[in-house]
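Q: Sharing a model that was predicted from the sequence below.
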Amino acid sequence: VCTENPIKPPGKNWARGFEKRHLALKSRRVRGIDWKRYENNTYDKITHWFKAIRKVLQDPAVLPENIYNIDETGVM
């Protein structure tokens, strides 16, 4: 769609509206990571994840504009 009006950024209530439109999504409070869970995230596991994601990102079908950072803390 081509328009002469500039695209406006999302408003302050955009997130609330998004939640209402997507009822399958649930929000929750973020808490600090439990120390026992932290101990299970060893160097080997983290290194393995980065090697795996590197292979995925090298696929020419994966376009940079379709890559998002989404984790338990939110969307970046």
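A: Arrived safely. The shown structure was predicted, so the numbers you read here are calculated from the model rather than taken from an experiment.
Q: Give me the neighbour count for Pro9.
A: Using other C-beta atoms under 10 Å, Pro9 has 6 neighbouring residues. Glycine gets a C-beta too; all of them are placed from N, C-alpha and C.
Q: Can you classify it as helix, strand or coil?
A: When classified by DSSP: H, G, I helix; E, B strand; the rest coil, Pro9 comes out as coil.
Q: can I have stretch 54-67 written out in PDB, keeping just the CAs?
A: The C-alpha coordinates for stretch 54-67 follow below in PDB (Å, rounded to 0.1, in the frame of the first residue of the first chain):
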ATOM      1  CA  ARG A  54      25.200 -20.000  13.100                       C
ATOM      2  CA  LYS A  55      24.300 -22.800  10.700                       C
ATOM      3  CA  VAL A  56      20.700 -21.600  10.500                       C
ATOM      4  CA  LEU A  57      21.700 -17.900   9.900                       C
ATOM      5  CA  GLN A  58      24.000 -18.900   7.100                       C
ATOM      6  CA  ASP A  59      21.100 -20.400   5.100                       C
ATOM      7  CA  PRO A  60      20.400 -17.900   2.200                       C
ATOM      8  CA  ALA A  61      16.700 -18.500   2.700                       C
ATOM      9  CA  VAL A  62      16.900 -16.800   6.100                       C
ATOM     10  CA  LEU A  63      16.700 -13.100   5.400                       C
ATOM     11  CA  PRO A  64      18.200 -10.600   7.900                       C
ATOM     12  CA  GLU A  65      14.900  -8.700   8.100                       C
ATOM     13  CA  ASN A  66      13.200 -11.900   9.300                       C
ATOM     14  CA  ILE A  67      15.500 -12.400  12.300                       C
END
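Q: For it, give the mean pLDDT please.
A: Across stretch 54-67, the average pLDDT comes to 90.
Q: Going along the chain, name the strands of this protein.
A: 70-71, 74-75 (DSSP state E).
Q: For those, which has the smallest mean pLDDT value?
A: strand 74-75 (a mean of 57).
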